[in-house]
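Student: with the sequence up front, the predicted model follows.
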Amino acid sequence: ARMSATLYLLSTLGGYVLTSVLLLKCPGLLHRPKRQRFRCRHISHRGGECGAGGWWCAVNIGTDMLELIYIYIFFEQVVVSHDENLKYIYIYFFYISDLKYSELPPYLCKLDVTFQKECQCEGIYIYIFFLKEVFEAFPQTPVIYIYIFFNNVLIKKVSELVSQYKREHLTVWGNVIYIYIFFCVKENVYIYIFFFSQRVLLLLGLFYTGLLPFVPFKEEFLEIPMPYIYI
């Protein structure tokens with residue numbers, strides 16, 4: 001009886017492992033293929049300046065995607081700024097919502113590169129860009145938007161711009177909190193979504209237990225930071 005139980009256990013475990021490996025190699029046997037129109041191996045996060053000079057440099061050297069961490073509504077216009085507090089790019093301490101767009105001074109002449117000591121950058125683009133200007137400047141470049149703070153009006157405005165410029169197939173968005181991603185999907189189901197931190201842990205757990213091939217995911221993209229930047 002003990003031998004029979006052992007054989008049963010081994011055969012069940014072997015069948016599970018073989019099925020898991022097969023479905024991991026051929027996920028289309030169980031799941032519908034994802035609708036990705038592009039693949040990105042390199043994503044450029046422009047850091048504190050979040051300006052057109054950095055974007056153009058990244059695109060010219062062959063980046064696959066631009067990452068915009070913070071996007072704000074500025075008097076009914078959507079602007080791109082890495083931080084709400086603009087002390088890094090201006091000499092004065094104030095928040096982006098404190099002034100009218102026409103009152104914003106130009107960027108500092110030189111900005112520190114946050115991930116490289118004693119390094120500064122200069123550029124000819126010295127003003128905060130509207131999101132629509134990013135779309136017009138880079139019509140064929142995929143862009144990922146990461147909302148740190150939830151704002152339903154902002155999500156709606158961004159969705160309208162994405163639809164206006166017909167960029168659903170080039171756009172990925174989401175939030176660091178999973179429940180907020182629900183609002184993104186509800187607003188526009190045609191825009192891709194990405195894995196956020198907690199879902200990445202779930203993904204890894206399912207992978208190492210062999211359960212990943214059996215679990216469907218709504219997310220289409222996974223973004224992995226380069227570790228040496230944070231060291």
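Tutor: Here it is on my side, so go on. Numbers count the residues shown, from 1 in each chain.
Student: quick check: closest non-adjacent residue to the residue minimising distance to the centre of the chain.
Tutor: With distances taken as Cα atoms, centre = their mean, Ile144 lies nearest the centre of the chain, 4.1 Å away. Excluding its sequence neighbours, the residue lying closest to Ile144 (Cβ to Cβ, 6 or more residues apart in numbering) is Val172, at 4.2 Å. For every residue, glycine as well, the C-beta is placed using N, CA and C.
Student: which elements pack onto whatever helix or strand that neighbour lives in?
Tutor: Assessed by DSSP states H and E, Val172 sits inside strand 171-175. In this structure, strand 171-175 packs against strand 143-147, helix 178-187, strand 192-193, with contacts taken as 3 or more Cβ pairs under 8 Å, 6 or more residues apart in numbering; DSSP states H and E.
Student: dump these to CSV, plus mean pLDDT and distance to Leu22.
Tutor: Formatted as CSV, the helices and strands packed on strand 171-175 follow (pLDDT from 0 to 100; distance: least, Cβ to Cβ, whole Å):
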stretch, mean pLDDT, distance to Leu22
strand 143-147, 84, 32
helix 178-187, 85, 30
strand 192-193, 91, 27
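Student: same list (the ones you listed) but as CSV, adding distance to Tyr208.
Tutor: Formatted as CSV, the helices and strands packed on strand 171-175 follow (distance: least, Cβ to Cβ, whole Å):
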stretch, distance to Tyr208
strand 143-147, 26
helix 178-187, 21
strand 192-193, 24
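Student: what's the closest of those to Phe129?
Tutor: Of all these, it is strand 143-147 that lies closest to Phe129, at 12.2 Å by Cβ to Cβ.
Student: after that closest one comes which helix or strand?
Tutor: Sequence order places helix 152-164 as the next helix or strand after strand 143-147, per DSSP H and E.
Student: I'd say Phe221 and Trp173 touch.
Tutor: No: at 9.9 Å, Phe221 does not count as touching Trp173 under the criterion of Cβ atoms under 8 Å.
Student: which residues of the chain fall in strands?
Tutor: 43-45, 65-68, 71-74, 77-80, 111-112, 120-121, 129-130, 143-147, 171-175, 192-193 (DSSP state E).
Student: switch these over to JSON lines; also include distance to Leu104.
Tutor: Listed next are the strands of the chain as JSON lines, based on distance: least, Cβ to Cβ, whole Å:
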{"stretch": "strand 43-45", "distance to Leu104": "22"}
{"stretch": "strand 65-68", "distance to Leu104": "18"}
{"stretch": "strand 71-74", "distance to Leu104": "9"}
{"stretch": "strand 77-80", "distance to Leu104": "10"}
{"stretch": "strand 111-112", "distance to Leu104": "15"}
{"stretch": "strand 120-121", "distance to Leu104": "19"}
{"stretch": "strand 129-130", "distance to Leu104": "11"}
{"stretch": "strand 143-147", "distance to Leu104": "21"}
{"stretch": "strand 171-175", "distance to Leu104": "25"}
{"stretch": "strand 192-193", "distance to Leu104": "32"}
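Student: thanks a lot, see you next time.
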